[in-house]
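# make a model of this:
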Amino acid sequence: MLVDPERSQGALYAIVPRQYHVRLARVLLNLETIVGGYMRGQILTSAAIGVYVAALLTAFRLPNVMAFAVLAAAADVIPFVGGALTLVPIALGALPHGMTVTISLVVLIILYQEFENRILIPRIYGRVLRLSAVSVTLALLVGGQLLGILGALLALPLAAGLRMIAAELRLELPGQPAGSPEVRARDERAEETYEALTKGAPAEEAAVVAVAIADEIRKRNASAGVSGVVRPFEAGAKP
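Residues are numbered from 1 along each chain as shown. The predicted structure follows:
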């Protein structure tokens, strides 16, 4: 849907009832933000372990530093399993240099992986995906248990996406504050304005208007700093 928006999203707007188009546009825009945030978080964690491995092997004066660093950065994409994919080749490559060097490298890499799993990943992904550290850890564990490596790979964007969709559909989750009446009234006015502007228009043209309204609401939310403290669309106003 995100790679080929014109075709897939056009079909989606044709299926979904028009009174939900503004909310659908907001969901799709937020999904783009979530996917981008997940990719940026993965780049940060992969770069971090790549730099750490390169610095570590350079300090121990081992060969093939860049090859091992690239391997560590690439394997870091796979939660849980990526650590073993990094550790085993490095340990085998260090064996000719003595057991002391090998054991030291293994211990230092394991310590970094613990730091990454317990501190770095929850903080980075928690910030970019707006998930708590506990939610990040639980999502990774549940995804890994249910679908293995694929589940662990998709756990974080899925968790963030489901949380966002629940918020856009105004579902009140346990432990989450209920949406304010101002936000609900603002959304209703935006949907009424959208229906008035797109009455009789085909789905493709209506989708463009829905995206414009949703993007304007998101920008106003960001400029206000607090969700709901924005100026709503006036009836008949153009997005």
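# where does this structure dip in pLDDT?
By pLDDT under 70, the low-scoring segments of the chain are 1-9, 170-181, 183-184, 221-239.
# quick one, longest helix in it?
When the chain is parsed with DSSP state H, its longest helix is helix 21-59.
# so how far is residue 89 from residue 154?
Here residue 154 is placed at a distance of 26 Å from residue 89 (CB to CB, to the nearest Å). Quick note: C-beta positions are derived from backbone N, CA and C, even for glycine.
# circling back to that earlier point, off-centre distance for the longest helix of the chain?
Taking CA atoms, centre = their mean, to the nearest Å, one finds the center of helix 21-59 at 7 Å from the center of the full chain.
# and the next helix or strand past that helix?
helix 65-75 (DSSP states H and E).
# which residues are contacting that following helix?
With contact meaning CB atoms under 8 Å, 6 or more residues apart in numbering, helix 65-75 is reached by 46-47, 49-54, 57-58, 62, 81-83, 85-86, 89-90, 93.
# same question for stretch 17-28.
With CB under 8 Å, 6+ apart, stretch 17-28 has contacts from 1-2, 5, 9, 12-13, 16, 164-165, 168-169, 187, 190-191, 194-195, 198, 206-207, 210-211, 213-215, 217-218.
# now restrict those to buried residues only.
Buried members of the contacts of stretch 17-28, counted by 16 or more other CB atoms under 10 Å: 9, 12-13, 164, 168, 187, 190-191, 194, 198, 206-207, 210-211, 213-214, 217-218.
# among the residues you listed, which lie within helices?
Judged by DSSP H, helices contain the following of those: 9, 12-13, 164, 168, 187, 190-191, 194, 206-207, 210-211, 213-214, 217-218.
# buried subset of the contacts of helix 65-75?
Buried among these by 16+ other CB under 10 Å: 46, 49-50, 52-54, 57, 62, 82-83, 86, 89-90, 93.
# relative to residue 61, how far out is the residue sitting furthest away from the middle of the chain?
For the chain, the residue at maximal distance from the C-alpha centroid (CA atoms, centre = their mean) is residue 98, at 42.2 Å. Counting by CB to CB, the separation of residue 98 from residue 61 is 12 Å.
# ditto for residue 198
Residue 198 is 67 Å from residue 61, where distance means CB to CB.
# returning to what we had before: of the buried ones among the contacts of helix 65-75, closest to residue 139?
Distances from residue 139 to the buried ones among the contacts of helix 65-75, taken as CB to CB, are shortest for residue 82 (16.6 Å).
# what's the nearest residue to that closest one if we skip its chain neighbours?
Nearest non-adjacent residue to residue 82, counting by CB to CB, 6 or more residues apart in numbering: residue 75, 4.0 Å away.
# what count of nearby residues applies to the one you found?
19 (other CB atoms under 10 Å).
# residue 42 too?
Residue 42 has 19 nearby residues by other CB under 10 Å.
# not counting its neighbours along the chain, what's nearest it?
Among residues not flanking residue 42 along the chain, residue 77 sits closest, at 6.2 Å (CB to CB, 6+ apart).
# one more: residue 47?
Excluding its sequence neighbours, the residue lying closest to residue 47 (CB to CB, 6+ apart) is residue 73, at 6.5 Å.
# repeat that for residue 104.
With CB to CB, 6+ apart as the criterion, residue 104 has its nearest non-adjacent residue at 7.4 Å, and that residue is residue 60.
# show me what contacts that neighbour?
Shown in contact with residue 60 (CB under 8 Å, 6+ apart): 94, 97, 101, 104-105.
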